[in-house]
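# Have a look at this prediction, sequence included:
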Amino acid sequence: MVFDPRPPLCDDPAIDIVGVFSCSNNYLHSQIDTFEQLPLPGVIIFVHGVNSDGEWYGAAEEGLCRGLNHRLGRGNDFVPVAYGAEITADGFVNPDMSADTLIQDENTFSPVIRFRWGYKASGEELQKYGKGIYLNEENYWGGGPFANGCSALADLWQDGLSDGLFLWNTIQHMNPFPERQVFSCPPRAYFVLAAYRLARLVEAIRQQQADVPVTIVCHSQGTMVSMAAAFLGQRLPAVDGVPCVADNYVICNSPYSLADSNFSENWISGNLRAADGSSGRLTLAARIATLKNFFDILRQRASLAASQTDERIDQAMGNARHGFSAARDREQYGIAGSARSGKKSSYGRVTIYCNPHDIVVSSIAIQGIGWRGLSGTLSPDATSAAGGELQATHADGVCVQRVFAQGFEVGKQGRYHYWNDHWRRPRAGGNDFWFPAQKYASYSIRQGNEANPNNCAVILTIGFAPIFFFITTLFKQPTNASPHKDWTVEINAPALPLFLPCSRRLDRDSETFDEGYDPPGESRQAGKQRAAGDDFLADREIPRGGLQGQLGKQEAARYDSAKGTAADEARLRYEQRAAIRAKAVRDGVSPAGQTVHQETRNATPDAAYMHWRSARIEEMMKNQVGTFATDHSTIMTNPMHAEKVLAYDVAVGVCRIKPAALRRLRVAGDWRLLEWAYDTETAKKFNEYFANATLNALYLTAWLDSDNCAAKMPDSIIDQRQNLPRSIEPTSGEMAHG
């Protein structure tokens with residue numbers, strides 16, 4: 001007997017299919033033994049961040065399926081969905097990519113939906129921003145430009161990053177990271193569209209089964225999109241009394257910031273303005289209130305336990321080959337809280353994963369909870385001061401935390417001290433927290449002139465360079481924050497078997513977790529034969545440093561020799577083509593406001609362009625050979641972490657969504673595939689943005705401002721900013737009466 005993965009049975013979501021069989025007629029017997037496919041434990045949505053197409057999805061889904069097999073006693077039942085090639089070997093979008101070629105779900109059984117989102121440039125935006133942001137040959141980019149991330153939900157409804165610092169100086173004048181160039185970015189409305197799409201995806205899931213357990217696993221800026229989706233989903237009509245909000249969140253490496261003050265962020269946020277006229281960085285009070293409101297939304301989802309009872313789960317998942325018990329599972333891996341009527345559960349839960357080594361969300365202008373976690377304690381006898389951010393946000397019964405740090409066992413409960421538990425034991429409060437040693441702002445004439453090529457600005461950049469060289473050397477402004485000397489995080493997520501985390505890079509596990517250098521040249525395909533003159537032929541020497549232990553003490557000359565796979569090299573070429581497109585506009589090699597035709601599929605660039613291009617590739621590879629590993633994705637890119645931790649932090653229950661419906665949901669979750677999801681008006685509408693950079697024939701900022709827009713910022717996302725509004729006209733005093 002063979003299961004038909006897509007049986008020609010009723011597609012009505014109200015009718016459950018618990019078994020499928022075929023047999024010959026035998027009227028002497030009235031009973032037929034039927035194999036039953038045990039159900040999925042729920043739906044788990046992955047959400048990536050900026051400058052990403054979800055590169056961690058494959059590793060996380062692989063590990064998650066292994067971990068769920070163990071947690072639920074399923075043997076090898078759960079099998080990750082396979083996905084086809086998205087990028088060609090020479091770094092272009094795969095022209096054959098479609099829903100059928102990308103999502104290869106036959107003979108698989110996985111609860112994961114991979115949500116994809118990004119930024120599509122309109123003609124006007126291509127003219128204004130094309131010189132500074134990554135775009136592929138179709139003028140879109142997964143997650144949008146990395147520099148456009150933000151640290152507060154209200155910022156999603158605001159303008160994008162402005163690269164101006166003061167006078168003629170830009171961020172590029174002071175940027176010491178050649179691999180992370182920062183230019184002005186488009187308005188952030190595409191983040192809001194992604195959040196609204198995600199809310200509507202949860203709605204579509206609920207329409208298939210209202211009480212199915214839904215977990216959102218989100219990373220980096222994807223955490224901001226996902227949190228915003230909870231607020232937007234709360235406003236959608238409930239499905240059979242169930243709100244269109246996920247029941248469980250895993251928030252990993254989030255830039256959401258509760259830093260009490262941040263001069264750097266306030267300075268670069270001067271172009272952001274709230275409805276009350278205040279401007280700059282969002283206030284701490286607004287950040288705390290918004291996070292509290294998010295926790296309150298999730299707290300209500302603990303009510304799912306009334307439908308997903310122990311008895312129902314045991315009846316659906318009982319099996320002679322294992323001893324799985326819903327009650328025992330909830331007691332071991334659930335959390336307690338007043339909303340749970342005295343029973344633990346995994347519903348109405350937020351789990352924060354933070355990494356003390358993350359050099360992205362620890363940026364001096366961010367300082368997110370994905371780096372430093374939430375301070376304080378949820379101990380009932382703690383004072384409000386000791387309760388810190390956990391008590392201020394009313395996290396009790398909703399939010400739990402885990403720390404992934406080198407030399408520190410994951411799975412334990414207790415506290416992590418950011419200095420005393422650091423693997424290098426640096427002096428608390430000193431300047432030696434980071435490995436490799438952190439960089440400081442440094443003045444660059446070349447970068448400054450490229451960012452602001454105005455003749456007057458070029459003269460000023462060169463003329464005042466000695467002064468700024470002296471100032472930046474004297475004052476040494478760090479690029480990354482260091483934690484307070486007493487900073488500790490309470491680790492209160494359910495205990496798990498202990499293990500030490502480790503990074504995984506280029507398909508190789510490392511014994512370390514706090515990584516050193518990450519030269520792009522190592523992503524070239526190992527063993528590939530290359531002709532003379534190939535841009536990827538030469539190796540380059542890596543700067544000293546970035547090695548630990550004896551390797552660091554006995555360091556010899558190292559080179560960025562090829563260590564990657566064909567897929568690694570394809571991704572490298574894809575990203576380099578995006579960088580080359582922006583550079584071509586800045587250098588005047590290609591006109592602004594147009595697609596860079598020399599970097600399109602089947603193009604035949606002339607010799608002059610190829611000479612210019614080769615020089616730029618060499619320049620990038622040389623300047624970036626000392627690139628620091630960001631330690632920003634190390635939690636999610638190692639399948640072992642998902643197997644041993646993530647699989648136990650997601651919500652578990654009974655999912656009866658049929659395979660065909662689940663496939664349609666996977667298609668709807670990918671903004672690039674909506675062309676093949678035309679069975680709904682919603683998919684048609686959302687596909688308009690991917691196709692034309694518009695929604696309802698409006699550019700996104702105009703769509704957000706339209707009267708009937710369903711994605712306007714909810715009132716429970718607080719938008720109050722540090723700089724008080726300027727009075728339009730004085731009402732008292734000398735100027736008012738003069």
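On my side now, so go ahead. Numbering: from 1, shown residues only.

# Only C-alpha atoms from now on, for both contacts and neighbour counts.
Will do.

# Which strand residues bridge Tyr559?
Glu541 (DSSP bridges).

# Quick check: it vs Phe470, distance?
33 Å (Cα to Cα, to the nearest Å).

# Specify which residue of these two has the higher count of neighbours.
Tyr559 (16 against 13; other Cα atoms under 10 Å).

# hey, what's Leu698 bridged with?
On the basis of DSSP bridges, Leu698 is bridged to Leu695.

# now it: how far from Met713?
According to Cα to Cα, Leu698 stands 18 Å off from Met713.

# which stretches of this protein have low pLDDT?
Scanning the chain for pLDDT under 70 picks out the ranges 1-35, 320, 384, 549-554, 678-680, 727-738.

# If we use 50, what do you get?
For the chain, the stretches flagged by pLDDT under 50 are 1-8, 728-738.

# domain ranges for it?
43-72+110-117+194-429+484-495+637-705, 519-626 (automatic domain parsing).

# where exactly do the helices run in the stretch 401-550 of the chain?
445-451, 455-463, 465-475, 549-553 (DSSP state H, counting those that start in this stretch).

# In terms of secondary structure, what does the third one contact?
In other words, helix 465-475. Using 3 or more Cα pairs under 8 Å, 6 or more residues apart in numbering; DSSP states H and E, no helix or strand is in contact with helix 465-475.

# With just CA atoms, put it into PDB.
In PDB, the C-alpha atoms belonging to helix 465-475 read as follows (Å, rounded to 0.1, in the frame of the first residue of the first chain):
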ATOM      1  CA  ALA A 465      40.900  65.700   5.500                       C
ATOM      2  CA  PRO A 466      43.900  66.400   7.800                       C
ATOM      3  CA  ILE A 467      41.600  67.800  10.500                       C
ATOM      4  CA  PHE A 468      39.200  64.900  10.300                       C
ATOM      5  CA  PHE A 469      42.100  62.400  10.300                       C
ATOM      6  CA  PHE A 470      43.300  64.000  13.500                       C
ATOM      7  CA  ILE A 471      39.900  64.100  15.100                       C
ATOM      8  CA  THR A 472      39.000  60.500  14.300                       C
ATOM      9  CA  THR A 473      42.400  59.300  15.500                       C
ATOM     10  CA  LEU A 474      42.200  61.300  18.700                       C
ATOM     11  CA  PHE A 475      38.600  60.500  19.800                       C
END
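
# Is Ala302 in a helix, a strand, or coil?
Assigned with DSSP: H, G, I helix; E, B strand; the rest coil, Ala302 falls in the helix class.

# which non-adjacent residue is nearest it?
Excluding its sequence neighbours, the residue lying closest to Ala302 (Cα to Cα, 6 or more residues apart in numbering) is Gly348, at 4.2 Å.

# picking up where we left off before, okay if I get the helices of the stretch 401-550 of the chain as a markdown table plus distance to Ala306?
Listed next are the helices of the stretch 401-550 of the chain as a markdown table, based on distance: least, Cα to Cα, whole Å:
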| stretch | distance to Ala306 |
| --- | --- |
| helix 445-451 | 58 |
| helix 455-463 | 65 |
| helix 465-475 | 59 |
| helix 549-553 | 53 |
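
# ok, and which of the ones you listed has the densest surroundings?
helix 445-451 (a mean of 20; mean count of other Cα atoms under 10 Å).

# so who does Ile364 touch?
Asn262, Ser264, Glu265, Pro478, Thr479, Asn480, Ala481 (Cα atoms under 8 Å, 6 or more residues apart in numbering).

# For it, give its distance to Phe408.
Ile364 sits 25 Å away from Phe408, going by Cα to Cα.

# what does Asn420 give?
Taken as Cα to Cα, the span from Asn420 to Phe408 is 11 Å.

# neighbour count winner among Leu698 and Met713?
Comparing Leu698 with Met713 by other Cα under 10 Å, the one with more neighbours is Met713, at 19 against 16.

# what kind of secondary structure is that one in?
coil.

# That one and Asp155 touch, don't they?
No: between Met713 and Asp155 there is no contact under Cα atoms under 8 Å: 10.1 Å.

# and the contacts of Ile364 as JSON lines, adding neighbour count?
Shown next, in JSON lines, are these (neighbours: other Cα atoms under 10 Å):
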{"residue": "Asn262", "neighbour count": "18"}
{"residue": "Ser264", "neighbour count": "13"}
{"residue": "Glu265", "neighbour count": "19"}
{"residue": "Pro478", "neighbour count": "15"}
{"residue": "Thr479", "neighbour count": "21"}
{"residue": "Asn480", "neighbour count": "21"}
{"residue": "Ala481", "neighbour count": "19"}
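
# where exactly do the strands run in the stretch 601-738 of the chain?
Using DSSP state E, counting those that start in this stretch, the strands of the stretch 601-738 of the chain run over residues 721-723.

# Please apply the same query to the stretch 301-450 of the chain.
Ranges of strands in the stretch 301-450 of the chain, per DSSP E, counting those that start in this stretch, are 349-354, 399-403, 414-417.

# Can you name the residues in contact with the last one?
Going back to what we said before, that points to strand 414-417. In this structure, residues lying in contact with strand 414-417 by Cα under 8 Å, 6+ apart are Val403, Asp486, Trp487, Thr488, Val489, Glu490, Ile491, Asn492.

# Mind listing what's buried along that strand?
Within strand 414-417, the residues that qualify as buried by neighbour count (16 or more other Cα atoms under 10 Å) are Tyr416, His417.

# Name every strand pairing with it and say which way it goes.
strand 488-491 (antiparallel).

# Please enumerate residues in contact with the partner strand?
Surrounding strand 488-491, the residues in contact under the criterion Cα under 8 Å, 6+ apart are 372-377, 400-403, 412-418.

# Going through these, which ones are buried?
Listed as buried from those are 372-377, 400-403, 412-413, 416-418; burial here means 16+ other Cα under 10 Å.

# Out of those residues, flag the one nearest to Ala647.
Ranked by distance to Ala647 (Cα to Cα), these are led by Arg402 at 13.8 Å.

# Relative to Asn492, how far out is that closest one?
Applying Cα to Cα, the value for Arg402 to Asn492 is 7 Å.
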